[in-house]
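Chemist: Next come a sequence and a model predicted from it.
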Amino acid sequence: MKTDNADKKSFLYTALFLVICGGIFLFLWNAPPETTVKLPHDATHTKYYPMDKKEAEKECQNCHNPQQVAFPKGHPPKYRCLFCHKKEE
Ligand code: HEC
Ligand code: HEC
């Protein structure tokens, strides 16, 4: 019968979908913990904690630039500092 076949097919697709979701979930679950340095909680940086991230990021490069606090060699592109350098808990 035709409908039976269609049912079987959609069951297979659903099962496949669930297996893939499970795989992605396990992959993310096992990912290593983030190691990027967090935004320090010191005199200079604490004021950025309550601020909106985009607002705060406008000021980072006042100090974090090649003339003052240089970035380490090979630092990734740095438009959104707080995207990578998360606030500490
Ligand atoms: C007034 C100057 C100044 C501003 C503004 C500033 N920083 Fe810094 N930051 C420093 C200095 C100086 C250091 C290095 C000395 C230290 O570790 O305290 C530093 C260190 C850091 C570090 C490395 C900490 C570590 O453990 O090695 C990170 C990450 C950082 N800043 C992120 C930011 C971000 C993100 C912003 C913007 C929200 C920002 N900073 C704004 C002066 C500044
Ligand atoms: C795409 C992710 C990313 C973005 C965006 C980013 N960083 Fe980084 N930053 C890193 C990584 C990775 C390192 C290497 C050291 C590490 O493992 O944390 C680093 C290192 C640093 C360090 C040296 C920390 C130390 O103690 O060695 C400072 C200071 C820093 N970043 C500041 C900034 C600032 C300020 C901005 C925004 C202008 C910024 N970063 C944007 C990923 C990022």
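Modeler: Great, that's in hand. Ligands and ions are numbered 1, 2, ... in the order given.
Chemist: Alongside ligand 1, which residues does the chain contribute?
Modeler: 37, 39-40, 42, 44-45, 48, 56-57, 59-60, 62-64, 69, 81-82, 85 (Cβ under 6 Å from any ligand atom). Yep, even glycine has a C-beta here, placed from its N, CA and C like the rest.
Chemist: How is this protein divided into domains?
Modeler: 1-31, 46-84 (automatic domain parsing).
Chemist: residues of the longest one that come out buried?
Modeler: In this case it means domain 46-84. Tyr48, Ala56, Glu57, Cys60, Cys81, Leu82 (16 or more other Cβ atoms under 10 Å).
Chemist: I'd like the average pLDDT over that domain.
Modeler: Averaged across domain 46-84, pLDDT comes to 94.
Chemist: chain center to that domain: distance?
Modeler: 16 Å (Cα atoms, centre = their mean, to the nearest Å).
Chemist: Now that we have the domains of the chain, can you turn them into TSV and tack on distance to ligand 2?
Modeler: Listed next are those as TSV, based on distance: least, Cβ to the nearest ligand atom, whole Å:
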stretch	distance to ligand 2
domain 1-31	15
domain 46-84	3
